[in-house]
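[1] sequence plus predicted model, see below.
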Amino acid sequence: MTEPSATVYVVDDEPDMLKALERLLGAAGFSVQTFPSPEQFLARHDDTAPGCIVLDLALPGLNGLELQHALQAQGSALPIVFLTGRGDIAASVRAMKLGAADFLTKPVDADELIAAVDAALERNRERRAERAEKHLVAIRLAALTAREREVFELIAQGRLNKQIAAECGTVEKTIKFHRANLMRKLGVRTVADLVRLAERAGSGKPRSD
């Protein structure tokens with residue numbers, strides 16, 4: 001199945017600015033959707049599709065930073081390029097700390113905006129790939145039995161078969177059996193591959209004991 005093309009979502013309460021940004025980005029080859037308010041954007045955008053947001057900072061009602069907070073709370077993968085006519089340094093610092101892709105001042109330079117959107121879309125591709133990989137890992141881990149998952153965690157922490165057997169109250173031969181099964185289910189052939197998979201899944205952290 002082919003992934004849909006990326007969309008640049010533009011959110012600005014000034015109709016003329018909205019049209020100008022739509023023309024500029026459209027002429028650069030981007031697929032563009034415009035919204036006059038954050039509320040309409042939240043109600044209508046597709047967060048599962050690839051894309052990014054070009055967002056005015058100063059908006060009536062829900063402002064740009066508040067929309068950024070709302071999207072973070074939803075776990076959105078859409079990077080944000082902020083626009084402001086005020087050059088608000090404090091707000092830009094807050095936005096960047098919260099993960100904004102860029103922060104540009106109006107009147108925005110066309111080349112700078114296009115470059116910022118390109119970078120934001122690349123960041124979105126990376127985030128989506130990372131999420132897809134984590135989802136695949138989670139599916140594979142879900143196929144493990146409780147004992148296999150326990151053995152997996154201990155291998156990822158660097159335990160040897162003999163140590164795992166002692167910790168699990170069984171014999172080394174049984175651990176080898178579980179190890180072979182779980183590596184087959186996870187699609188890995190070496191312990192190094194298993195450790196890398198555990199890192200992607202957030203497992204394998206050393207115990208305090």
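    Arrived safely. Residues are numbered from 1 along each chain as shown.
[2] state which helix of the chain is the longest.
    Scanning the chain for the helix with the most residues, using DSSP state H, yields helix 110-142.
[3] what residues sit buried inside whichever helix or strand comes after it?
    Scanning forward in sequence from helix 110-142 by DSSP states H and E, the next helix or strand is helix 146-156. Going by neighbour count (16 or more other C-beta atoms under 10 Å), the buried part of helix 146-156 is 148-156. The C-beta positions use only the backbone N, C-alpha and C, and glycine is treated the same way.
[4] name the residues that touch helix 146-156?
    141, 144, 163-164, 167-168, 175, 178-179, 181-182, 185-186, 191, 194-195, 198-199, 203-204 (C-beta atoms under 8 Å, 6 or more residues apart in numbering).
[5] beyond it, next helix or strand please.
    helix 161-168.
[6] average pLDDT across the helix or strand following that next one?
    Per DSSP H and E, the first helix or strand lying C-terminal to helix 161-168 is helix 172-186. Across helix 172-186, the average pLDDT comes to 93.
[7] remind me what the helix or strand just after helix 172-186 packs against, helices and strands.
    Later in the chain than helix 172-186, the nearest helix or strand by DSSP H and E is helix 191-201. Applying 3 or more C-beta pairs under 8 Å, 6 or more residues apart in numbering; DSSP states H and E, we find helix 191-201 packed against helix 110-142, helix 146-156, helix 172-186.
[8] residue 185 versus the residue nearest to the spatial centre of the chain, what's the distance?
    Relative to the mean C-alpha position of the chain, the nearest C-alpha, by C-alpha atoms, centre = their mean, is the one of residue 127, at 3.5 Å. Look at residue 127 and residue 185: by C-beta to C-beta, to the nearest Å, they are 27 Å apart.
[9] who's in contact with residue 5?
    So residue 5 contacts 31, 50 (C-beta under 8 Å, 6+ apart).
[10] before we move on, the earlier item: surely the residue nearest to the centre of the chain touches residue 77?
    Yes - counting by C-beta atoms under 8 Å, residue 127 sits close enough to residue 77 to count as a contact (4.3 Å).
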